[in-house]
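Peer 1: quick one, fold the following:
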Amino acid sequence: MVRGRFWQTEIGFQTIFTPVHAQIPESTATLAQKSLENMAKMLLSLAVVLVFTTGMDAAKPEVSKENLRILLNDHFTDPRHHVTNPDGLLIAANFIYNTLKSYHIQVGGQTFDLEKNGEKVATGTNIIAIWPGRYHMTPRDRPVILTAHYESNYNMAGVEDNGSGLAAMLEIARIVSSQPCLQDFSVIFAFFDFAAHDERDLQRESPCAETGCGSRAFVEGILREFLTDSNVQPEEIQGIIVLDGLLNYNNTPGAQQIPRENVFAMVPGFVEGLNGVRADEYRGNFICTMSREADAPLVSAFNSKFNELGNPQFKTRTLTFPFASINNETKQDPLWPLFFGLTDTDIKFFYEVLPEVKAVFVTDTLTFREREKVFNRLTVDDVMPITDDRLEFLKKTTEAVTRMVEDLTGHRDTDECLDPSIEMPESFKPGYRMDGTILTRVAPNSYQNISLVVGFVQPSGLVNATLSSQSWSLPMAGHYDPVEKLLVFYLLEPLTFAMAPLTIACRVQGRFHPSSRGVTIIGSMRGVCGPALDFSQGQGEAPDGKGNIHLRGRGDGSSGRPTAVSSPSLAAPVVLSLLGGMLLSAAVAVALWFVYKRRMAASTTNSLPMKEGL
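Peer 2: Model prediction:
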């Protein structure tokens, strides 16, 4: 049995810092000369880089192979297990949480208890993050969910299980959250604890009796409530993408194992994939998608993006299960032992509990692909070598999933965007204060005085602010959407109280009404935003099911956009800023270089010879 709750950073995790060690200078004069020379060279190099990048789509972030390498080497190599390495598990959870928070993605930790015979036997922690879209917390939202488990098996290294899935998830989160255009639909990132149940060699029964205890807690404690508050049906989720094992590229003939091959060949949806493996001499040179017939749109979208990225040495294989859901009837099928072995991860739980939701399992096939050592002889000390081929394999898979998610969520290309920095009222800057009211109850005198104070505003439209009254204060993050002219806020971290899990569904939105006298925002609060701010499922909310908000701030509220002139795309300012930076860098670099050369010449001519014997 699973019971869950939500918490903030201060309750569960501690921030992990990596120290930076300074180098010792040789001497003041030498250091000054070297600093001048290095600065000149650096700026010249920057100018050259800018020359070659101005013609590129510089505003569009790309998946970085070096980022993936760092994530794997520095953060996900060590084992992460409640018994064999609990410290490693906590450090990884800290890192995931704080990395997502640094991207200004709404993030929280969901703790859940595992019980047996009514007694708690263990506590797990899921990390759940949401990047809200334009229609977040509305019936128009069509979320996409990405999942990976972060606890490793008790007898496996962290890279193998499931370091590559974690690295891919964080890189996708970085890309999605740094896009200059706000997407239409929300993206949910779910990092699961207690995904495995095999602990035989620990001579104890696993607290997770079946696979997917973390995913079960997520669905029962978070997802269902989130969908209810959004008035979104489960079948309206665009898809669940499970990432587990994305690194093991092994082009050696015979590296790919086929479980129960004679039986495998009897499944119609497996034949094409099997024939491809046989034709390639059983090489482990492919990423595999496992799904049902209803999931075909997800599989087609992934394969299309994967094939568009080139590198034909990396292939795809598709396995299609014959069942629509996993139930008691499915488990009576003579082929169930084969299906069980292939789905013994979080995907199995989703097929059991949310069969109406499209879901796909993306994997390198895990234990069915050999490494440099026979798989069943691997130990926790056998860390998978992170070769360039494997990194390219992981990069291509991560890129394909990223582009797939962009398409599913209605992402717009840069040249289709309006520039938030131009469309936003000029006075809406750090420190800007707006005062007003919120209607919180149906009863008379239900208005509360509130204020909004802006923390920071980024050119991409990312906004940080505090919304408060005399009795509560909400630190919020959000976006200004220049397409809909909306300011949309969410809680960066869910609050801590009895209804805390539901605060992940808190949404504050308002439309700007700028004028020469100031800025007015008229909007609403939805969901559960605090103990006294519950607008979910008819719980004491205003008559129209939301808390109506009216805010006004003084100052020039004009947007800075010239009238009768069409709004420029975000691509033009990016290119112009790059050109300006290029010219400035080049000019400064040349000036510094000449200063440096003159000082070197003067030093050579005028300096006294060194005395001997000192």
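Peer 1: show the average pLDDT along the helix or strand encompassing residue 278.
Peer 2: Using DSSP states H and E, residue 278 sits in helix 271-279. In this model, helix 271-279 has an average pLDDT of 97.
Peer 1: now for it, which elements pack on it?
Peer 2: With contacts defined as 3 or more CB pairs under 8 Å, 6 or more residues apart in numbering; DSSP states H and E, helix 271-279 has these neighbours: strand 286-292, strand 315-321. To be clear about C-beta, it is placed using only N, CA and C from the backbone, and glycine gets the same treatment.
Peer 1: distance to residue 337 for those - can I get that in JSON lines?
Peer 2: Converted to JSON lines, those look like this (distance: least, CB to CB, whole Å):
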{"stretch": "strand 286-292", "distance to residue 337": "16"}
{"stretch": "strand 315-321", "distance to residue 337": "14"}
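Peer 1: was I right to think residue 77 contacts residue 164?
Peer 2: No. In this structure, residue 77 is not within contact of residue 164 by CB atoms under 8 Å, at 11.2 Å.
Peer 1: those two: which is more packed in?
Peer 2: residue 164 (31 against 18; other CB atoms under 10 Å).
Peer 1: isn't the more buried one right up against residue 71?
Peer 2: No. With contact defined as CB under 8 Å, residue 164 does not reach residue 71; the gap is 9.1 Å.
Peer 1: just say helix, strand or coil for residue 402.
Peer 2: helix (DSSP: H, G, I helix; E, B strand; the rest coil).
Peer 1: tell me which residues touch it, please.
Peer 2: By CB atoms under 8 Å, 6 or more residues apart in numbering, residue 402 lies in contact with 63, 171, 172, 175, 176.
Peer 1: could you count how many residues lie near the last one?
Peer 2: What it means is residue 176. As a burial measure, residue 176 scores 22 neighbours (other CB under 10 Å).
Peer 1: name the element it belongs to?
Peer 2: helix 164-177.
Peer 1: state the mean pLDDT of that helix.
Peer 2: pLDDT averaged over helix 164-177 gives 96.
Peer 1: any idea how far it is from the middle of the chain?
Peer 2: 5 Å (CA atoms, centre = their mean, to the nearest Å).
Peer 1: surely residue 336 touches residue 330?
Peer 2: Yes. Between residue 336 and residue 330 there is a contact under CB under 8 Å: 6.5 Å.
Peer 1: so the two - more neighbours on which side?
Peer 2: Between residue 336 and residue 330, residue 330 has the larger neighbour count (other CB under 10 Å), namely 19 against 15.
Peer 1: can you tell me the closest non-neighbouring residue to the more buried one?
Peer 2: Among residues not flanking residue 330 along the chain, residue 323 sits closest, at 4.8 Å (CB to CB, 6 or more residues apart in numbering).
Peer 1: residues near residue 459, how many?
Peer 2: So residue 459, with other CB under 10 Å, has 15 neighbours.
Peer 1: pop out the phi and psi values for it.
Peer 2: phi -60, psi -30 (degrees, to the nearest 10).
Peer 1: name the SS class of the closest residue to it other than its chain neighbours, please.
Peer 2: Spatial nearest neighbour of residue 459, excluding adjacent residues (CB to CB, 6+ apart): residue 421 at 4.3 Å. Here residue 421 is helix, with the state taken from three-state DSSP.
Peer 1: just give me the neighbour total for residue 421.
Peer 2: Residue 421 has 18 neighbours, counted by other CB under 10 Å.
Peer 1: from residue 81, how far off is it?
Peer 2: Look at residue 421 and residue 81: by CB to CB, to the nearest Å, they are 46 Å apart.
Peer 1: gap between the residue nearest to residue 330 and residue 261?
Peer 2: Residue 323 is 20 Å from residue 261, by CB to CB.
Peer 1: more neighbours: these two, which one.
Peer 2: Shown here are residue 323 and residue 261; by other CB under 10 Å, residue 323 has more neighbours (18 against 12).
Peer 1: ok, which stretches of the stretch 51-200 of the chain are helices?
Peer 2: 65-70, 86-102, 164-177 (DSSP state H, counting those that start in this stretch).
Peer 1: to residue 127, which of the ones you listed lies closest?
Peer 2: Of all the helices of the stretch 51-200 of the chain, it is helix 86-102 that lies closest to residue 127, at 5.3 Å by CB to CB.
Peer 1: can you list contacts of the closest one?
Peer 2: Contacts for helix 86-102 (CB under 8 Å, 6+ apart): 9, 13-16, 75-76, 78-82, 107, 109, 125, 127, 129, 150-151, 158, 166, 170, 173, 189, 191, 193, 492-493.
Peer 1: weed out the non-buried ones from these.
Peer 2: With burial judged by 16 or more other CB atoms under 10 Å, the buried subset of these is 9, 13, 75-76, 78-82, 107, 109, 125, 127, 129, 150-151, 158, 166, 170, 173, 189, 191, 193, 492-493.
Peer 1: now do the end-to-end distance for stretch 236-252.
Peer 2: Using CA to CA, to the nearest Å, one end of stretch 236-252 lies 42 Å from the other.
Peer 1: swap in stretch 254-265?
Peer 2: 17 Å.
Peer 1: isn't residue 137 up against residue 228?
Peer 2: No. The criterion here is CB under 8 Å, and residue 137 misses it with residue 228 at 11.2 Å.
Peer 1: of these two, which one has the most company?
Peer 2: residue 137 (26 against 14).
Peer 1: give me phi/psi at the more buried one?
Peer 2: Dihedral angles (degrees, to the nearest 10) for residue 137: phi 60, psi 30.
Peer 1: just say helix, strand or coil for residue 509.
Peer 2: Secondary structure state of residue 509, per three-state DSSP, is strand.
Peer 1: could you give the number of residues near it?
Peer 2: 24.
Peer 1: what's the distance between it and residue 529?
Peer 2: From residue 509 to residue 529 the distance is 12 Å (CB to CB).
Peer 1: again, but for residue 447
Peer 2: According to CB to CB, residue 447 stands 16 Å off from residue 529.
Peer 1: one more: residue 282?
Peer 2: In terms of CB to CB, residue 282 sits 55 Å off from residue 529.
Peer 1: residue ranges in the stretch 401-550 of the chain under the pLDDT threshold?
Peer 2: 414, 441-445, 495-503, 536-545 (pLDDT under 70).
Peer 1: residue 434 and residue 452 touch, don't they?
Peer 2: Yes. Using CB under 8 Å, residue 434 is in contact with residue 452, at 4.5 Å.
Peer 1: list residues touching both of those two?
Peer 2: Common neighbours of residue 434 and residue 452, counting by CB under 8 Å, 6+ apart, are 521, 551, 553.
Peer 1: so which of these sit within strands?
Peer 2: The strands, defined by DSSP state E, take in 521, 551, 553 from those.
Peer 1: output those in CSV; the columns should cover distance to residue 316 and neighbour count.
Peer 2: Converted to CSV, these look like this (distance: CB to CB, whole Å; neighbours: other CB atoms under 10 Å):
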residue, distance to residue 316, neighbour count
521, 47, 23
551, 50, 21
553, 53, 22
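Peer 1: quick one on the thing from earlier: who has more neighbours, residue 282 and residue 529?
Peer 2: residue 529 (27 against 18).
Peer 1: now that one. Nearest residue, chain neighbours left out?
Peer 2: Using CB to CB, 6+ apart, the closest residue to residue 529 is residue 506 (3.9 Å).
Peer 1: same thing with residue 508?
Peer 2: residue 489 (4.1 Å).
Peer 1: each with direction, which strands does the helix or strand hosting that neighbour pair with?
Peer 2: Residue 489 is part of strand 486-491 when elements are defined by DSSP H and E. According to DSSP bridges, strand 486-491 forms sheet pairs with strand 473-481 (antiparallel), strand 507-515 (antiparallel).
Peer 1: got these as CSV, with distance to residue 415 columns?
Peer 2: Below are these laid out as CSV (distance: least, CB to CB, whole Å):
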stretch, distance to residue 415
strand 473-481, 17
strand 507-515, 24
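Peer 1: roughly how far apart are the residue most central in space within the chain and residue 179?
Peer 2: Centroid-nearest residue in the chain: residue 173, 2.3 Å away (criterion: CA atoms, centre = their mean). Relative to residue 179, residue 173 is positioned 11 Å away (CB to CB).
Peer 1: report the buried residues of stretch 92-109.
Peer 2: 92-101, 103-109.
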